[in-house]
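Asker: Please find the sequence and the predicted model below.
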Amino acid sequence: MWFKKLKEPKLQKKVKIPEGLWVKCDNCKEIVYKKEIDKNLKVCPKCNYHFRISAKERIKLLADEGSFIEFDADMHSGDPLNFKDSLSYPDRIKENQKKSGLPEAAVSGEAAINGFPVILTVMDFSFMGGSMGSVVGEKISRAAEASLGKKAPLISIASSGGARMQEGIFSLMQMAKVSAAIGKLKGNGVPYISVLADPTFGGVAASFAALGDVIIAEPRSLIGFAGPRVIEQTMKQQLPDNFQRAEFLLEHGLIDMVVSRKNMKKTLAKFIEFLS
């Protein structure tokens, strides 16, 4: 037989993978099952990279169940400068409220950590890069005042790109206001613990984030005033490896500890007990 009929190859069915099941780690570039990351407190199981988490997730992680009572939940930003870029400032606020599910870039309230009463203030980077405007500054200042009144330790978790440009000088004024409020805690022997998450920069890093009696950072968090690219361009020098990472700052004495997310609550409880 000169000719043989070839069998047609069977077409393989393409398996559709639902979106959102897999996550690419920003550090090791490995593809990891999302449920595995969620189960691991949003930490990469391959390289221990700490993904950014929301303020609500952070509060759930740190506060005893059912103990968090929020302060100033309805406080909203004004528009003192009638600022407009591609959007007006009020529209920009609404856009970020919808995206983050929060009225502003900080959440504050009273809570308990392993039974110890505390005042907690947590920033959320998903709201305009965690920028500090008038409302954020006011919330943190009021949290410090509540801490002083109740003689309960203040714990802040910073994650911010710095001051909010849409409020100009009103935003920069918050640095002094918040620093003065925290200064009263030190004068009255009320402990203040500052936790730095990725990233912590600008006016936040230069004010309350750097004033803690104890300063703790999550692993590999970027921390500084200006970004490394700006510093390199200004100095005309190549920066050291790992520059502005939490481990670099610990090595040079700028922070006290680097603590993984799974150990953060236990570590805070130990410091609260010791300082109180």
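Answerer: Looks like it came in fine.

Asker: For the lengthiest helix in the chain, give me every contacting residue.
Answerer: The residue-count maximum for a helix in the chain (DSSP state H) belongs to helix 168-187. Here helix 168-187 makes contact (Cβ atoms under 8 Å, 6 or more residues apart in numbering) with 80-81, 83, 131-134, 136-138, 140-141, 144-145, 147-148, 154, 163-165, 191-192, 203, 206-208, 211, 213. Using the backbone N, CA and C atoms, a C-beta is placed for each residue, glycine as well.

Asker: same deal with stretch 51-60?
Answerer: Residues contacting stretch 51-60 (Cβ under 8 Å, 6+ apart): 23, 26, 37, 41-44, 61, 68, 100-102, 106-107, 111, 120, 122-126, 157, 159, 197-198.

Asker: List buried residues within the contacts of helix 168-187.
Answerer: 83, 131-134, 136-138, 140-141, 144, 147-148, 154, 163-164, 191-192, 203, 206-208, 211, 213 (16 or more other Cβ atoms under 10 Å).

Asker: how far away is Leu154 from Phe248?
Answerer: 27 Å (Cβ to Cβ, to the nearest Å).

Asker: My error: substitute Leu196 in the last question.
Answerer: 13 Å.

Asker: okay, these two: which has more neighbours?
Answerer: Leu196 (27 against 19; other Cβ atoms under 10 Å).

Asker: where exactly do the helices run in the stretch 1-150 of the chain?
Answerer: Secondary structure of the stretch 1-150 of the chain (DSSP state H, counting those that start in this stretch): helices at 34-39, 55-62, 89-100, 134-150.

Asker: so can I have TSV of those helices showing mean pLDDT and distance to Asn242?
Answerer: Shown next, in TSV, are the helices of the stretch 1-150 of the chain (pLDDT from 0 to 100; distance: least, Cβ to Cβ, whole Å):
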stretch	mean pLDDT	distance to Asn242
helix 34-39	93	23
helix 55-62	97	25
helix 89-100	97	30
helix 134-150	98	29
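
Asker: Quick check: next helix or strand after the least confident helix or strand in the chain by mean pLDDT?
Answerer: The helix or strand of the chain with the lowest confidence, counting by mean pLDDT, DSSP states H and E, is helix 228-235 at a mean of 90. Next along the chain after helix 228-235, taking DSSP states H and E as the criterion, comes helix 246-251.

Asker: Let me know the average pLDDT across that next one.
Answerer: Helix 246-251 shows a mean pLDDT of 97.

Asker: Let's verify the most centrally placed residue in the chain: helix, strand, or coil?
Answerer: Closest to where the C-alpha atoms of the chain average out (Cα atoms, centre = their mean) is Ser159, at 2.8 Å. Following DSSP: H, G, I helix; E, B strand; the rest coil, Ser159 is assigned to strand.

Asker: Pretty sure it sits against Ala197.
Answerer: Yes: using Cβ atoms under 8 Å, Ser159 makes contact with Ala197 at a distance of 4.2 Å.
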